[in-house]
Structures are given as C-alpha cells and as structure tokens.
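Asks: what follows is a predicted protein model with its sequence.
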Amino acid sequence: MGNMPPDWEASLCLPTALAQTPALGPSNGSCSDATETQHLTVVGIMFTAQTLLGVGAVPIQPFGISYIDDFAHNSNSPLYLGILFAVTMMGPGMAYGLGGLMLRLYVDIDRMPEGGVSLTSKDPRWVGAWWLGFLIAAGAVALAAIPYFFFPRKMLKEKHELRFRRRVLTIAASSATKGEDSPSLQSPGESPEKQDGLAQMAPDLTVIQFIKVFPRVLLRTLRHPIFLLVVLSQVCMSSMVAGMATFLPKFLERQFSVTASYANLLIGCLTIPLAITGIVVGGVLVKRLNLSPKRCTLLCLLGALLCLLFSLPLFFMGCPTHQIAGITPPTGPKPGLELFPRCMESCSCSSDDFNPVCDLSTHVEYLTPCHAGCRSQLGQEAVDKSQVFYTNCSCVAEGVSVVGGSCDSACSYLVLPFMLLVSLSAALASVTHTPSFMLILRGVKKEDKTLAVGIQFMLLRVLAWMPSPVIHGSAIDTTCLHWAQSCGRRAVCRYYDHDLLRNRFIGLQFFFKIGCLACFALILVILRQQDKEEGTKATVPNPGPQKQSVTSGPAQKPIESKV
C-alpha cells in the first residue's frame, strides 16, 4: 500500500485529532482576484471565437442557400439544398466522434505526471481533453476554406438572368404606360417593388443604395405570413436541436451511467447519420414528387407529427436516483442512512471533498470514503482500469468493502433503445428541413431571397440557438440535489433527481415539437385559404386578355405552384 496514489488516501476517515490539522491549499470559500480575472479572460476569448465562427459561417449557410437556388435548375435545387444541409450535419457528427476520442484523454495532456493519473474516464471527477478537438477542427476548416478562393467573381447564368429580368420589367413598365389593364395584372404596389428588385439586382449596388432599399424589403419580408410561420417552426425545431446537442451527452451520463466518451460516440455514430438521412430523403421527395407548397407543408406536418409520437416513450425510459447517503432520503427501513451520526462520530469529513464510493451490496453511494467511515484502502488491477476498494468501513456491513466511483444506474441497458428512439425522431424531424426552406425560397420574391434567408438565419440565432441552451440549462439546474461550492458560490452539480431531470429535459423537447407542429398546421390552413380565394377569383369572368397571358390559364396553374 505504500505505492498508492495520494488522491486515494485524501478522503479517508481520520481520527478527529488528526483531522484538525490545517488543510493544504486554499479553501473553496474564497478565491483570489487573479483567479477571477483568469476566468473572465477565458470567457472573453470564447466569446470572440464564437463571433468569428458566426461571421465565417455566413457565406455558407444564408448566402450559400440563395446562391444554389439562383444558379441551379428549379427541379434540382431541392436536391442540392438537401445535400448541402446533409453535408452541414456531417460536421456535428464528426465532431461528436472526434470529441468522444478526445475525451478519453485527460485534460492536462501536456502536463501529465510520470505515473499518470489514477482516475478513469468513468469517474465523475474525470475531465477530458475537450480543447484538443477545437485545434483539430480549426485546422480542418482552414484547409476546407482554400477552394473558396477559386470561385469566379460572377456566374455566367447570373448575367443572363439579370438581362432577362430587366427585359421583363421593361416590357411590364411599357405595357403599364400604355394603360393595358395594369391594375389587373399587378398586385397593389407591385411597380415600386419591381423597382426595388432592379435596385437589388444591380451588380454595383452601393452601401447607400442598399440602406435605402433595406427597410422596404425587410418590412415586406416580415409581413409575409408563410415566411413568419416557417421561421417560427424552424425556431422551435432549432431550439430542440440546440438543447439536444448541448445537453444530451450530459443527460446520458447521468441517466444511464455511461461515460462522456461513449455518449458522444453514440450521438455521432447513430443520431447524426439518421438525421443526415432524413435531410436527404426530404430533398429527394421534394424533387421526385415535384411537391407543391401545400404538399410540402403536408410533408412537414407528417414529419413533425411522427417525431412527436416517437418522443412519447422517452418519458418512461429511465430509473429514479439511486440511494446517496446524506442527500437522498432513505427508501427502506435502514437506520442511520441520513448523515450517519453513529458510524461517523469518530471521523471529521470535509463537505468540500468529492471522491464518491459505492457499496455494491446495498447500491448506496457515499460522497467520500470518509462518509462511509472507511479507514484503509486497497488497489486492485482490473482488466482495463485500476479500481480502488476501501475497507474497514464503519457505515457498511462488516467485512464488506466499497469500490471507488459512483454506483452504476440500474437502467444502463436502456441507453441503446433510448438513443434509437431519439435518432428516429431526429430523422423524422430532419425530413422537414428541405421542404420548409423551399417554402421560403418559393414564397418570397426572387430578388428578396438572399435577404429573406439572411433574416431567417438571424432569427434562428437570436430566438433559438442563443436562448435554447440557457433555457435547457436552467431547467436542468432546477433538478439538482447537491451542489459543489467554488469561491463561495454554487459551481457544478454533483447529483440530480433522475426522474425530474428526465421529465423536464424531455418535456422541453416535447414543448418545442408541439410548437413546430402547430406552425405547420397554420401554414396549411393559410395555403388552403389562398387556394379557395384563387378558386373564387377564377369563377369571375375575366375580359382582360393580358391577364390570361400572364397566368397561362388554368392548365399552367399546377406548374406554377410546384416547388
């Protein structure tokens, strides 16, 4: 026992006289100003990095979507967008896999002691090398950005389309000046909008001109009911994804007693590939079936409904919190399980220490070996890790030793069925991704597409990706049973109420899915109402020959309504 690592002996039950010696190191009750400054500096660096990441992502997502839709054929655009979204989802999948590998390494990989650390990846005190993945991903992003330097300054098709649009607008303007039934040809206020479109289509649009055009285009876009409802549905969906992406690994760790590495690998190898499949399937369905806006909405409605139904069993897949001495109330007639006044009367245990041990015979967990009254320890080499057994414990049955680490969940076997249901619901939700984008691209004016998509992504960032992790984190914090203290303040949660954690986490996901479903239902109602109004107008006799030439008669109406 002389070669035992020191952290195994740090929290043993010592006699009261010996325990009153001054403790080494600073207490958690106070922290120096230098420590606080270092924390703020790190937070500032993280904020700066996230800002630069958002700026760099703008040409790919908001502008890239409009770019593809402008220069691809209308029938191929949904498929290309589906491929773009699918490839975009490959990034998080690879990141989860890479994170799972990096988390197997200890955080201080560059300052490891000669004998290594005695912790294992399953120990709740283990911190993986989370920072290493950022370095690898940043290098990959820098290499992937090189091909963008070889893109042409202007696409040939853009010049042809610009010339064609100007010719069409010139003909429309000339026909309006001749008095050829212009009110019936154009909706109220169409001529100024076409002028705005010309200003936006101009290749040499200056900043001053853009500022003048921007308020009108912004107001016109925000007043579009289909655009607003699609964005709200995507806000609900993105809020669900943001909460899952941020806290699902933590949820799996706590609920099913799996390691952080294994949780990330499950998400990266199961959930993300199925979500990618759902995005591609959505794009293929829109292309192959040549779906109209109404049928796109029906597809989104069906995907959201099935996603909601697959989420219902998740509320019942889990176990309650196991017995934790001094934290959870006793579940049976076992005396002395609260704070062990008798078995710990000769020990002086610090409330700041955290070195959990588990009594496998009773499935009771203790904060430290001291809280179990253990006075000695024994190291035992296992097949793949080093386990520590504490013996001579006054709070457990005589002759029974406790093992270092938290007690395993009794529901560990449910982790794979749970992840399968989560992945299937993610795939069904992803089917709605491409059709909902096509509703925006085909619903707004062609010259407003780039700005509309930019506004859409801005709203998604502000209304979903920023507040959703905060909402989910606050809900999870309300389920905490025991907080660790740092610098006199609440730091990390050591134990959660598993039932409450599951109900609130899955409940938030359920709430956002209901919101998404409601938005698609309203879109369907609006589209049906518009079809009724168009049918009513079609029954009115139309003496104007010019209007028939523009609408191309009833036979061409299905073609125009196709996405």
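Replies: The structure has been received and is ready for your questions. Residues are numbered from 1 along each chain as shown.

Asks: show me what contacts the residue nearest the centre of the chain?
Replies: In the chain, the residue lying closest to the centroid (Cα atoms, centre = their mean) is Ala242, at 2.3 Å. Going by Cβ atoms under 8 Å, 6 or more residues apart in numbering, Ala242 touches 464-465, 468-469, 472. Every residue, glycine included, has its C-beta placed from N, CA and C.

Asks: with secondary structure, pLDDT and distance to Ser486 added, can I get those in JSON lines?
Replies: Putting these into JSON lines (DSSP: H, G, I helix; E, B strand; the rest coil; pLDDT from 0 to 100; distance: Cβ to Cβ, whole Å) gives the following:
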{"residue": "Ala464", "secondary structure": "helix", "pLDDT": "90", "distance to Ser486": "31"}
{"residue": "Trp465", "secondary structure": "helix", "pLDDT": "86", "distance to Ser486": "28"}
{"residue": "Ser468", "secondary structure": "helix", "pLDDT": "92", "distance to Ser486": "26"}
{"residue": "Pro469", "secondary structure": "helix", "pLDDT": "91", "distance to Ser486": "21"}
{"residue": "His472", "secondary structure": "helix", "pLDDT": "94", "distance to Ser486": "22"}
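
Asks: selection in ChimeraX covering whichever of those residues are buried, please.
Replies: Buried subset of these, written as a ChimeraX selection, criterion 16 or more other Cβ atoms under 10 Å:
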select :464,465,468,469,472
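
Asks: would JSON lines of the contacts of Ala242 with distance to Ala304 be doable?
Replies: Formatted as JSON lines, these follow (distance: Cβ to Cβ, whole Å):
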{"residue": "Ala464", "distance to Ala304": "16"}
{"residue": "Trp465", "distance to Ala304": "19"}
{"residue": "Ser468", "distance to Ala304": "17"}
{"residue": "Pro469", "distance to Ala304": "22"}
{"residue": "His472", "distance to Ala304": "20"}
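
Asks: can you tell me how far the residue nearest to the centre of the chain sits from Trp465?
Replies: Counting by Cβ to Cβ, to the nearest Å, the gap from Ala242 to Trp465 is 5 Å.

Asks: what does Pro273 give?
Replies: Distance, Pro273 to Trp465, by Cβ to Cβ: 22 Å.

Asks: and Cys296, by the same measure?
Replies: For Cys296, the distance to Trp465 - Cβ to Cβ - is 24 Å.

Asks: how about Ala484?
Replies: Using Cβ to Cβ, we find Ala484 at a distance of 29 Å from Trp465.

Asks: ok, back up a step: for the contacts of Ala242, which one is nearest Ala57?
Replies: Checking these against Ala57 by Cβ to Cβ gives Trp465 as the nearest, at 11.3 Å.

Asks: surely the closest one and Met240 touch.
Replies: No. Here Trp465 does not reach Met240: they are 11.4 Å apart, not a contact under Cβ atoms under 8 Å.

Asks: show me the shaky parts of the stretch 301-450 of the chain.
Replies: In the predicted model, the stretch 301-450 of the chain carries pLDDT under 70 at residues 330-345, 379-386.

Asks: repeat for the stretch 1-150 of the chain
Replies: Looking at the stretch 1-150 of the chain by pLDDT under 70, you get 1-10, 15-36, 58-63, 66, 69-75, 77, 110-125.

Asks: quick one: the helices in it?
Replies: Counting by DSSP state H, counting those that start in this stretch, the segments of the stretch 1-150 of the chain that form helices are 6-9, 16-19, 33-57, 62-71, 77-102, 130-144.

Asks: just the buried positions in the longest one, please.
Replies: When burial is assessed from 16+ other Cβ under 10 Å, helix 77-102 yields the following buried residues: 77-86, 88-89, 92-93, 95-102.

Asks: same thing with stretch 439-459?
Replies: Judged by neighbour count using 16+ other Cβ under 10 Å, the buried positions of stretch 439-459 are 439-457, 459.

Asks: for Lys513, what are its contacts?
Replies: Shown in contact with Lys513 (Cβ under 8 Å, 6+ apart): 236, 240, 304, 307-308, 311, 429.

Asks: if you count residues, which helix in this protein comes out on top?
Replies: helix 498-539 (DSSP state H).

Asks: just to be sure, Val388 is in a helix?
Replies: No. Counting by DSSP: H, G, I helix; E, B strand; the rest coil, one finds Val388 to be strand, located in no helix.

Asks: which non-adjacent residue is nearest it?
Replies: Gly404 (3.9 Å; Cβ to Cβ, 6 or more residues apart in numbering).

Asks: what do you get for Gly318?
Replies: Excluding the flanking residues, the one nearest Gly318 by Cβ to Cβ, 6+ apart is Arg502, at 4.6 Å.

Asks: not counting its neighbours along the chain, what's nearest Ser233?
Replies: Nearest non-adjacent residue to Ser233, counting by Cβ to Cβ, 6+ apart: Cys519, 3.6 Å away.

Asks: so that neighbour is in contact with Cys236, correct?
Replies: Yes. At 6.7 Å, Cys519 counts as touching Cys236 under the criterion of Cβ under 8 Å.

Asks: got any residues that touch both of those two?
Replies: With Cβ under 8 Å, 6+ apart, Cys519 and Cys236 have no common neighbours.

Asks: now do the same for Pro369: helix, strand or coil?
Replies: Under three-state DSSP, Pro369 comes out as coil.

Asks: may I ask you to confirm that it is in contact with Cys358?
Replies: No. The criterion here is Cβ under 8 Å, and Pro369 misses it with Cys358 at 10.9 Å.

Asks: shared neighbours, the two?
Replies: Here Pro369 and Cys358 share the contacting residues Val402, scored by Cβ under 8 Å, 6+ apart.

Asks: more neighbours: which of the two?
Replies: Legend: neighbour count by other Cβ atoms under 10 Å for Pro369 and Cys358, higher for Pro369 (31 against 20).

Asks: for Val492, pull up the helix or strand it's in.
Replies: strand 489-496 (DSSP states H and E).

Asks: would you mark the buried spots in that strand?
Replies: Buried residues in strand 489-496, defined by neighbour count with 16+ other Cβ under 10 Å: 493-496.

Asks: what's that strand packed up against?
Replies: strand 480-486 (3 or more Cβ pairs under 8 Å, 6 or more residues apart in numbering; DSSP states H and E).

Asks: so in that sheet, which strands flank the strand it packs on, and in what orientation?
Replies: Strand pairing for strand 480-486, using DSSP bridges, gives strand 489-496 (antiparallel).

Asks: can you name the residues in contact with the strand it pairs with?
Replies: 124, 254, 321, 324, 327-328, 354, 367, 476-477, 479-486.

Asks: make it 7 Å
Replies: Contact with strand 489-496 is made by 254, 321, 324, 327, 354, 477, 479-485, as judged by Cβ atoms under 7 Å, 6 or more residues apart in numbering.

Asks: quick one, strands of the stretch 301-450 of the chain?
Replies: Here the stretch 301-450 of the chain has its strands, by DSSP state E, counting those that start in this stretch, at 323-324, 357-359, 364-366, 374-381, 386-393, 402-404.

Asks: helices and strands around the shortest one, which ones?
Replies: Same thing as strand 323-324. strand 364-366 (3 or more Cβ pairs under 7 Å, 6 or more residues apart in numbering; DSSP states H and E).

Asks: check the third one too.
Replies: Identification of packing neighbours for strand 364-366 by 3+ Cβ pairs under 7 Å, 6+ apart yields strand 323-324.

Asks: next: the fifth one.
Replies: Contacting strand 386-393 under the criterion 3+ Cβ pairs under 7 Å, 6+ apart are the following elements: strand 374-381, strand 402-404.

Asks: please identify the most buried of those.
Replies: Greatest average neighbour count among these goes to strand 402-404 (a mean of 22), per mean count of other Cβ atoms under 10 Å.

Asks: I'm done for today, thanks for sticking with me.
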